[in-house]
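# below are the sequence and a predicted model for it; my questions follow.
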Amino acid sequence: MESGARPNAPAVLLQIYERLFERFGPQHWWPADGPFEVIVGAILTQCVSWNNVATAIGNLRRAGLMDPRRLMEADEGTIASLVRPAGYYRQKAKKIRAFLSYLWGRHGGDLASMFATPPDELRSELLAVWGLGPETVDSIMLYAGGIASFVVDAYTSRIMSRIGVVPAGTPYDRVRRMFMDGLPRDAALFNEYHALLVTLGKRACLKTRPRCGECPLSDICGRIGVPRDGDDHSLGAAGREESAEQATAGTRRGLREKRAKKESRGAVPFA
Ligand code: SF4
């Protein structure tokens, strides 16, 4: 596996998925009305909570602009004022315009044509659009296009590095490659898996003071970099050592401490 993940990562990834699905059930992502709205939402949700995005989407809907042609015909100032609740609204309006220019220039405004492009080619095209980073592009491909392109976000990186599947600070593409190589290429599985990781990140694996005692992964998690005063209801220090060994055969205490120091300096990406 070229991702830098530990050798038994595929088995661990499936185990994590099964545990999360069993605990949280289906997440019914993405909360949007049709592929175009997913795309607009994926752009608007950069650096902001979904509640703000939902307000901005509501504004675009009420203005009758949740449509590629109508939005293409709207001027940037109008779009900016409508998406203001999503923050960075001038930049986000520009990004939406940049995507629409690409959609019309390359695919004649036809989303079906866009999503019929071979996945690697489409990913490269979208990454070349101004303002679209890998997380946004993979969200568009997976949640709007139903294409098996795994989405990595701050929650994914935090959870996977704490468990010990990848080192903290592993670049986006390597974490994504681990999922792409380690799981069946199944869009429904990728959809649910990413949504479940977000749920775990919001409910238990918090940035500070994770609630390990409430986590369905507590017995397989190395808790690498987790502050010692974390809200741990399930295991004492001895238990933590044991599960770190189970989860990260080959990972040693010195390495964990190094990573913990790194993380305390803010080295965790996408957070
Ligand atoms: S056991 Fe704790 S650190 Fe590990 S994934 Fe669960 S909440 Fe996060």
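Structure's in. What do you need? Numbers count the residues shown, from 1 in each chain.

# and the helices in the chain?
Secondary structure of the chain (DSSP state H): helices located at 9-24, 35-44, 50-62, 68-73, 76-82, 89-107, 111-115, 119-127, 134-139, 154-163, 172-182, 187-203, 237-247, 253-264.

# then the shortest one to CSV, C-alphas only?
Meaning helix 111-115. Coordinates of each C-alpha in helix 111-115 appear next as CSV, following Å, rounded to 0.1, in the frame of the first residue of the first chain:
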residue,chain,number,x,y,z
LEU,A,111,-24.0,17.8,-15.5
ALA,A,112,-24.7,14.3,-17.0
SER,A,113,-22.0,14.9,-19.5
MET,A,114,-19.6,16.1,-16.8
PHE,A,115,-20.3,13.0,-14.6
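
# so what does that helix touch, helix or strand wise?
Helix 111-115 sits against helix 35-44, helix 89-107, with contacts defined as 3 or more CB pairs under 8 Å, 6 or more residues apart in numbering; DSSP states H and E. Quick note: C-beta positions are derived from backbone N, CA and C, even for glycine.

# so which of the ones you listed is the most packed in?
Ranked by mean neighbour count, those are led by helix 35-44 with a mean of 23 (mean count of other CB atoms under 10 Å).

# name all residues that make contact with the residue positioned nearest the centre of the chain.
With distances taken as CA atoms, centre = their mean, D153 lies nearest the centre of the chain, 3.1 Å away. Residues in contact with D153 (CB atoms under 8 Å, 6 or more residues apart in numbering) are 135, 194, 197-198, 270.

# surely V151 meets Y193?
No. Taking contacts as CB atoms under 8 Å, V151 lies outside contact range of Y193: 9.0 Å.

# can I get the CA coordinates of stretch 215-226 in CSV?
Provided in CSV are the C-alpha atoms of stretch 215-226 (Å, rounded to 0.1, in the frame of the first residue of the first chain):
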residue,chain,number,x,y,z
CYS,A,215,-16.8,5.6,21.2
PRO,A,216,-17.5,2.3,19.4
LEU,A,217,-13.8,2.2,18.4
SER,A,218,-12.4,2.6,21.9
ASP,A,219,-11.0,-1.0,22.1
ILE,A,220,-9.2,-0.8,18.7
CYS,A,221,-7.9,2.8,19.0
GLY,A,222,-4.3,3.7,19.9
ARG,A,223,-5.5,7.2,21.0
ILE,A,224,-2.3,8.6,19.6
GLY,A,225,-2.0,12.3,20.4
VAL,A,226,-5.1,12.3,22.6
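
# 234 is where my numbering starts, stick with that
Let's use 234 as the start, then, which means that last one is stretch 448-459.

# does it reach the ligand?
Yes. Counting by CB under 6 Å from any ligand atom, contacts between stretch 448-459 and the ligand involve 448, 450-451, 454, 456, 459.

# could the residues you listed go into a markdown table alongside neighbour count and pLDDT?
Shown next, in a markdown table, are the residues of stretch 448-459 next to the ligand (neighbours: other CB atoms under 10 Å; pLDDT from 0 to 100):
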| residue | neighbour count | pLDDT |
| --- | --- | --- |
| C448 | 25 | 98 |
| L450 | 22 | 98 |
| S451 | 21 | 96 |
| C454 | 26 | 96 |
| R456 | 26 | 96 |
| V459 | 21 | 92 |
